[in-house]
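In: Starting from these lines, generate the structure:
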Amino acid sequence: MTAARRASLARLIAVGIVVTTASGAGQRAEAAAGPEPLRILNSFKAEAIDPAKPGAHWCYEFAYCEYPMQAADEGGLEPWLLSSLDPVDELTWRLTVRPGITFQNGRPVDGEALAASLQRQIDLFAQVTPFLPGATAEAAGAREVLLRTSKPTAIVPALLAERSLFPVYDVAAVERVLAGGEDRDLAGAGIFTAPYAVTELTADRLTLERYDGYWAGMPALPGIEVRFVTDPQARILAVQNGEADIALYPPSEVQDTLAGRDDIFLRRQEVAQETLRLAPNVGQPPLDELAVRRAAALAVDYEALAQDVMGGLYDVAQGMYPSDHDYSLVTQRTDPAEAERILDEAGWVEGAGGVRARDGQPLQLILLTYPQQPDTATHAVAVQDQLGRVGFDVSIRQVEDVNATITEEPWVPPPGSPVAFGCACIPARGVAPRLHSLAAMRARRALRAGRNRTLDADRPSGWEHQGWDIAVIFNGTLSLTADLKPFPVVVGPAYQGYEVSPVRRLVTYQTAPAS
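Out: Below is the predicted model of the structure:
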């Protein structure tokens, strides 16, 4: 790798750190001892190491796996573990592996290893199936792989960068361990290529250590410890008391708590990379009715949610994507009077206490929240009030595992139809948008056939307009974007210059405390 290329790569993946000065013996002692392991508190658990299992995607955020392609901080896509990605024909892509990369166990990453990694994900990981059904990956040389799809798939580069789909790993090592053990036994097997390697995964923590043979340079930290702490106040207090360096998913009220303090700091992305969405259960009354979903979408005050309820921590959502994205369109507006008119025309008549009913059935909804995202509870109270003003009877229910809950049929028992809060990542500028797990799961089957086509024959084809397609389909009918969320974190003094990555790569090999 040339010096220029290494410098360019460093700029792309580095997490910026403010450099301060220390003095005298203290500075020399710190330099001799080196930094301590980074201590992170997360509300969600990393539930698996095997990338073909759900719950393994945290490897991207915490720098213990890498991908063929990556979303660059400046927008668009570029090779990561690949040196190039080239279309051969409408069904075939040629992937060339960057030279000199090894897995953490020392095995070289060549064409055969990459092909095995891609194929295992295609065969075993359910989230890949909608995008690449029947695809095959085959080594075509020492460092080359041919990826063949069953139909033209323009978004292959974006899929290879998507952080939940194709981390590169040593399939032979995984199969060897799993033949006589279980997922947690993959800790210590060195199956990834990243700067930090998993040494332990338990119910309450993830432990990583530095991989000295990392291809891009020596990792700055000796290791990382991620603890899983559901209570948001406990996460904040741990940072305040010096027991942790970074706390993820702080509640919105943390802005008031930290105002004027110089021992704990709030940081967030400059531009939202995540959304907080409301996904209705369209398979259960009354949300199986388009008029009800449209009325609910018009009754939500998106500006009030972001500015008043969240105190400006989030951005106002006028659609699914930030306005600076090419495929962003204004698809959401607030009009309670229009919501009431729609419900009137649909036969939902206002009754006692302002609650509407039809044929003796009240217009009831249940908002599902979950503790790992404390702001879902705050949003729920506000949305309950906003929907109540146009005649909905809304209750709130907290569930421990929202993903498990919404995969059940029919989610929750009547009365009421559930709306689940969920987060979904916003694709980087220039990256094809795609649907995410919490956004109207039952609608995916209808969308798959048209995923690579536009809905309007006069509208140009291309990745940007897939965003248009999805936005039109989701416009007030299958999913609402409550807020655009510039991902916030709370940090202690050693990391006060921490910058939250635009693509939410929370740790890189250069992440280090100020010194």
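In: Near E400, how many other residues are there?
Out: 10 (other CB atoms under 10 Å). Every residue, glycine included, has its C-beta placed from N, CA and C.
In: okay but it is in contact with K45, surely?
Out: No: counting by CB atoms under 8 Å, E400 stays clear of K45, with 11.2 Å between them.
In: Quick check: R94 is in a helix.
Out: No: checked against DSSP: H, G, I helix; E, B strand; the rest coil, R94 lies outside a helix; its state is strand.
In: quick one: pLDDT of it?
Out: Looking at R94, its pLDDT reads 98.
In: and if you look at L368?
Out: 89.
In: how much space is there between it and A420?
Out: Distance, L368 to A420, by CB to CB, to the nearest Å: 4 Å.
In: More neighbours: which of the two?
Out: Under the criterion of other CB under 10 Å, the comparison of L368 against A420 puts A420 first, with 26 against 23.
In: Pairing partners for the more buried one in the sheet, please.
Out: Beta-bridge pairing of A420 under DSSP bridges involves A279, L368.
In: Was I right to think it contacts L278?
Out: Yes: counting by CB under 8 Å, A420 touches L278, with 7.4 Å between them.
In: So what touches whichever strand or helix holds R341?
Out: R341 belongs to helix 336-345 when assigned by DSSP states H and E. For helix 336-345, the surrounding residues in contact (CB atoms under 8 Å, 6 or more residues apart in numbering) are 291-292, 294-296, 298-299, 356, 363, 386, 389-391.
In: where along the stretch 301-450 of the chain do the strands fall?
Out: Assignment of strands within the stretch 301-450 of the chain using DSSP state E, counting those that start in this stretch yields the ranges 349-350, 356-358, 361-362, 364-369, 393-398, 417-425.
In: what's the offset of the fourth one from the middle of its chain?
Out: Centre-to-centre, strand 364-369 and its host chain are 23 Å apart (CA atoms, centre = their mean, to the nearest Å).
In: same check, this time on the second one
Out: Taking CA atoms, centre = their mean, one finds the center of strand 356-358 at 38 Å from the center of the full chain.
In: try the third one
Out: With CA atoms, centre = their mean as the basis, the distance from the averaged C-alpha position of strand 361-362 to the chain average is 37 Å.
In: still on that earlier bit, make JSON lines out of the strands of the stretch 301-450 of the chain and add distance to D375.
Out: Shown next, in JSON lines, are the strands of the stretch 301-450 of the chain (distance: least, CB to CB, whole Å):
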{"stretch": "strand 349-350", "distance to D375": "31"}
{"stretch": "strand 356-358", "distance to D375": "28"}
{"stretch": "strand 361-362", "distance to D375": "28"}
{"stretch": "strand 364-369", "distance to D375": "9"}
{"stretch": "strand 393-398", "distance to D375": "13"}
{"stretch": "strand 417-425", "distance to D375": "9"}
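In: quick one, domains of the chain?
Out: 6-22+35-48+181-271+488-495, 51-172, 274-485 (automatic domain parsing).
In: To L506, which of the ones you listed lies closest?
Out: domain 51-172 (4.5 Å; CB to CB).
In: which stretch in the strands of the stretch 301-450 of the chain has the least confidence?
Out: When these are ranked by mean pLDDT, strand 417-425 comes last with a mean of 69.
In: Backbone torsions only: list them for L248.
Out: phi -90, psi 160 (degrees, to the nearest 10).
In: residue boundaries of the helices in the stretch 151-300 of the chain?
Out: Along the stretch 151-300 of the chain, counting by DSSP state H, counting those that start in this stretch, helices occupy 156-161, 171-180, 232-240, 254-258, 290-299.
In: how far out from the middle of the chain is stretch 382-400?
Out: Remark: stretch 382-400 is offset 26 Å from the chain centroid, using CA atoms, centre = their mean.
In: then that stretch to PDB, C-alphas only?
Out: Output of stretch 382-400 as PDB, limited to C-alpha atoms (Å, rounded to 0.1, in the frame of the first residue of the first chain):
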ATOM      1  CA  ALA A 382     -46.200  12.400  22.900                       C
ATOM      2  CA  VAL A 383     -47.700  10.300  20.100                       C
ATOM      3  CA  GLN A 384     -50.400   9.000  22.400                       C
ATOM      4  CA  ASP A 385     -51.500  12.600  23.000                       C
ATOM      5  CA  GLN A 386     -51.300  13.600  19.400                       C
ATOM      6  CA  LEU A 387     -53.300  10.600  18.100                       C
ATOM      7  CA  GLY A 388     -55.800  11.000  21.000                       C
ATOM      8  CA  ARG A 389     -56.700  14.500  19.700                       C
ATOM      9  CA  VAL A 390     -58.200  13.100  16.500                       C
ATOM     10  CA  GLY A 391     -60.000  10.200  18.200                       C
ATOM     11  CA  PHE A 392     -57.600   7.300  18.700                       C
ATOM     12  CA  ASP A 393     -57.600   5.400  22.000                       C
ATOM     13  CA  VAL A 394     -53.900   4.700  22.500                       C
ATOM     14  CA  SER A 395     -52.200   2.600  25.200                       C
ATOM     15  CA  ILE A 396     -48.500   2.100  25.700                       C
ATOM     16  CA  ARG A 397     -46.800  -1.300  26.400                       C
ATOM     17  CA  GLN A 398     -43.100  -1.900  27.000                       C
ATOM     18  CA  VAL A 399     -41.700  -5.100  25.700                       C
ATOM     19  CA  GLU A 400     -38.200  -6.500  26.500                       C
END
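In: How about residues contacting that stretch?
Out: Counting by CB under 8 Å, 6+ apart, 278, 295-296, 299-301, 304-305, 309, 336, 339-340, 343, 348, 350, 354-356, 362-371, 377, 380-381, 405, 412, 416, 418, 482 sit against stretch 382-400.
In: Which positions within it qualify as buried?
Out: Buried residues in stretch 382-400, counted by 16 or more other CB atoms under 10 Å: 382-384, 386-388, 390-394, 396, 399.
In: Of the strands of the stretch 301-450 of the chain, which is nearest A137?
Out: Between A137 and the strands of the stretch 301-450 of the chain, the tightest spacing by CB to CB is seen for strand 417-425, at 24.5 Å.
In: ok, back up a step: who wins for proximity to G75 among the strands of the stretch 301-450 of the chain?
Out: Closest approach to G75 among the strands of the stretch 301-450 of the chain is made by strand 417-425 (14.5 Å; CB to CB).
In: what sits against the closest residue to D301 other than its chain neighbours?
Out: In space, and not counting its chain neighbours, D301 is closest to T334: 4.9 Å by CB to CB, 6 or more residues apart in numbering. Taking CB under 8 Å, 6+ apart, we find T334 in contact with L298, A299, V300, D301, Y302, E303.
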